[in-house]
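[1] here are the coordinates; sequence isn't available:
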C-alpha cells in the first residue's frame, strides 16, 4: 500500500461546480432562463413541456434538450413544437454538463428565452449533478403515491420548484395532496408548488406565468 | 504516470458475479425462490407484494427485503403482513448483494419459500446488478406510459418477467397495452407477462400461481 494520497474526486467535483457556475452565468448574460426537469420515468416531464410550449403559442423563443438512456422518442414528440435536441446517454442514469453543452451547440437557436433540460427519468441520481440550471423543478405525479418526497429526499431537497403532475387523477388514484405536500415541506420549506395536469390543462397558465416571472428576475 | 496497470474494475465485477451465483445456489438449496422487483418509483412494487402476501393468506413462508434511499415506509406497510427488513441505502440508487445478505441475516425466518427483494425505485441503475435472484421482475405501471421499455432497455432486457401494473387504470390514462407489449417484445422475446391490479385484485391469482410454479422448478 502506497502512502501517497490521490485527491482526484475532490478536484473533479470542484471543477464540475465551477463549470456549472460558468454555464449559468453565460446563460444569464444571454437572457436565457435554464429550467431543468427531474422526475421518475413517466411522471410527465415531456407532457408538461408540450403543454408549456403550446400555452406560449410561439410567443417565446424556446429550446429543449431531452435526456434519455435510449431512443429519440421524447425529441420526436417535441420537435413539431419547438427546437429540440435529444441526448441519449447510452446507459448512463443522468445527464452531465458536457453533454448539455454539446447538445446546446446543436440546437441552433440564438439566445432563447427559455432553455428546458429534461433529465433522464430517475428520481435518485440526477439530483446529485448541477447542470447550470437557474430553476430546478421536480415533478411528482399523483399516480406515484404521496410518500415519495421522504423516500427520495435529495431530488426534493435540491429542487426550487415542485410540480404535482397529473392532478386530473386526484380522487381516482390513492394520493393525498395534503400528505404529499406536508412530506415535501419537511424536506424543503422554500419550494414553490404548482399543481398541474398537462392533459386537462389545469394549472398550466399559472406555471407558465411563474416561468415568465422567474425569467424577469434573471437580470435583477 | 506509472506504467503499472491496475485491473480493479474487472476483478470486482467477476467477484460480484461469483458471489451472486453462490447466493443463488445457497437459496436454491434451501428451497427459497428469490424474486426481485425492479421499477420506477411508485409503479406499485410494495402494493404488489401486499396483494401477493394477502393472496397466500399465511399458506406460504414469505420474507421481504425492501430497499429505499430513505425511510422505513415500505417495511412499515409490509410488517403487519410478513417478516420484513428495510434496507436504507442512505443515498445510493440501487441495492447490492452485501446489503441483501446483511438484511437476510436480520430477517430471522428459517428457509422461507419466497424471499422477495424490492429494489430502490429506479428503472436504470439496479438493472446492472445481480443480487442472486432466481426471478427478476420488472413492473411497468399503466400510468407511466407505454413508451418506457425502449427508453429504459436494460431493465426490460434483463428481467425474466414483466408485470403490467395498475391495469385498473387502462382506459383512464393514455396507455396502449398493445404498444407497450410490442415494445417490450422487441427487447426481450422470452419474457413472461402478467397484467395485474393490486387495488382491484385483477391478475393477482395468476401471478401467485406462477410464483408457485416457478418455485416448483427450483429443484428440477
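    It's in. All of these numbers come straight from a predicted model, not from anything done at the bench.
[2] Am I right that residue A:101 falls within a helix?
    Yes: with DSSP: H, G, I helix; E, B strand; the rest coil as the criterion, residue A:101 is located in a helix.
[3] Number of residues surrounding it?
    Burial measure for residue A:101: 15 neighbouring residues, criterion other Cβ atoms under 10 Å in any protein chain shown. All C-beta atoms are positioned from the backbone trio N, CA, C, and that covers glycine.
[4] Averaged pLDDT, the helix or strand residue A:208 falls within. What do you get?
    Residue A:208 belongs to helix A:204-216 when elements are defined using DSSP states H and E. Computed over helix A:204-216, the mean pLDDT rounds to 98.
[5] and that helix, how far out from the chain's middle?
    Per Cα atoms, centre = their mean, to the nearest Å, the displacement of helix A:204-216 from the mean C-alpha position of its chain is 15 Å.
[6] what ranges of chain A fall below the confidence cut-off?
    Screening chain A residue by residue with the criterion pLDDT under 70, one finds the ranges A:1-10.
[7] please redo it, this time with the cut-off set to 50
    Along chain A, the model assigns pLDDT under 50 to residues A:1-2.
[8] I'd like to know if the longest helix belonging to it reaches chain B anywhere along the stretch.
    Ordering each helix of chain A by length in residues (DSSP state H) puts helix A:8-29 first. No: under the criterion of Cβ under 8 Å from any Cβ of the partner chain, chain B is not reached by helix A:8-29; the shortest gap measures 13.4 Å.
[9] And residue A:170, how far from residue A:184?
    Taking Cβ to Cβ, to the nearest Å as the criterion, residue A:170 is separated from residue A:184 by 16 Å.
[10] now do residue A:33
    With distances taken as Cβ to Cβ, residue A:33 is found 23 Å from residue A:184.
[11] same check, this time on residue A:191
    Here the distance between residue A:191 and residue A:184 works out to 6 Å (Cβ to Cβ).
[12] which residues do these two both contact?
    Counting by Cβ atoms under 8 Å, 6 or more residues apart in numbering or on different chains, the shared contacts of residue A:191 and residue A:184 are A:156, A:162.
[13] Settle it for me: which of the two has more neighbours?
    In this comparison of residue A:191 against residue A:184, neighbours counted by other Cβ under 10 Å, the higher total goes to residue A:184 at 24 against 20.
[14] what sits against that one?
    By Cβ under 8 Å, 6+ apart, residue A:184 lies in contact with A:140, A:149, A:156, A:162, A:191, A:193.
[15] quick one, phi psi at the fourth one?
    Pointing back at residue A:162 there. Main-chain dihedrals, residue A:162, degrees, to the nearest 10: phi -110, psi 120.
[16] pretty sure it is touching residue A:190, no?
    No: no contact is recorded between residue A:162 and residue A:190 when judged using Cβ atoms under 8 Å, the distance being 10.4 Å.
[17] of the two, who's got more company?
    When neighbours are counted by other Cβ under 10 Å, residue A:162 and residue A:190 differ, and residue A:162 comes out ahead with 24 against 7.
[18] OK, contacts around that one?
    When contacts are counted by Cβ under 8 Å, 6+ apart, residue A:162 touches A:137-138, A:140, A:156, A:184, A:188, A:191-194.
[19] so residue A:59 sits in a helix?
    No: the secondary structure assignment for residue A:59 gives coil rather than a helix, going by three-state DSSP.
[20] how about the nearest residue to residue A:72, chain neighbours excluded?
    With Cβ to Cβ, 6 or more residues apart in numbering or on different chains as the measure, residue A:86 is the residue that lies nearest to residue A:72, at 4.8 Å, once sequence neighbours are left out.
[21] Look at the one you found and tell me its secondary structure.
    Under the three-state scheme (three-state DSSP), the conformation of residue A:86 reads as strand.
[22] again, but for residue A:138
    Put simply, residue A:138 is strand when judged by three-state DSSP.
[23] For it, give its distance to residue B:125.
    18 Å.
[24] So between those two, which is more surrounded?
    residue A:138 (29 against 23).
[25] tell me the centre residue of chain A?
    Central residue of chain A (Cα atoms, centre = their mean): residue A:37, 1.3 Å from the mean position.
[26] My guess is that residue contacts residue A:44. True?
    No: Residue A:37 lies out of contact with residue A:44 (Cβ under 8 Å); the separation is 9.3 Å.
[27] what sits against residue A:191?
    Contacts of residue A:191 (Cβ under 8 Å, 6+ apart): A:156, A:159-162, A:184-185.
[28] so which of those comes closest to residue B:21?
    Ranked by distance to residue B:21 (Cβ to Cβ), these are led by residue A:156 at 38.0 Å.
[29] so what does the strand or helix carrying the closest one touch, helix or strand wise?
    Residue A:156 is located in helix A:153-158, with elements delineated by DSSP H and E. The criterion is 3 or more Cβ pairs under 8 Å, 6 or more residues apart in numbering or on different chains; DSSP states H and E, and the helices and strands that helix A:153-158 contacts are strand A:135-141, helix A:177-187.
[30] Tell me which of these sits most buried.
    When neighbours are counted by mean count of other Cβ atoms under 10 Å in any protein chain shown, the highest per-stretch mean among those falls to strand A:135-141, a mean of 26.
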